[in-house]
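Enquirer: show me how the following folds:
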Amino acid sequence: MRLLQQVLTIHHEGRPDLFKGGTTKYTEAQLQQIIADDARPIFVMD
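Expert: Numbering: from 1, shown residues only. Okay, the predicted model is just below:
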């Protein structure tokens, strides 16, 4: 969740007209389902 919040903050700072600050894209339960789904790719850049 922390990583998603960091990404949202960066997007919000760059485009506040498109991205709402102080929100999350997924709930914790939704994120757990996404991670558990082997058919759904997750892309992370380091």
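
Enquirer: contacting residues around the lowest-mean-pLDDT helix or strand in the chain?
Expert: Here the helix or strand of the chain ranked lowest by mean pLDDT, DSSP states H and E is helix 2-14, holding a mean of 91. Helix 2-14 has contacts (C-beta atoms under 8 Å, 6 or more residues apart in numbering) with 18-21, 23-26, 31, 44. Where C-beta positions appear, they are placed from N, C-alpha and C, glycine not excepted.

Enquirer: let's see that with 7 Å instead.
Expert: Identification of contacts with helix 2-14 by C-beta atoms under 7 Å, 6 or more residues apart in numbering yields 19-21, 23-26.

Enquirer: same deal with stretch 36-46?
Expert: Counting by C-beta under 7 Å, 6+ apart, 34-35 sit against stretch 36-46.

Enquirer: in that stretch, which residues are buried?
Expert: Residues of stretch 36-46 classed as buried: none (neighbour count, 16 or more other C-beta atoms under 10 Å).

Enquirer: state the distance from residue 41 to residue 29.
Expert: Residue 41 sits 20 Å away from residue 29, going by C-beta to C-beta, to the nearest Å.

Enquirer: ok so, going back, just among the contacts of helix 2-14, which is most surrounded?
Expert: residue 19 (16 neighbours; other C-beta atoms under 10 Å).
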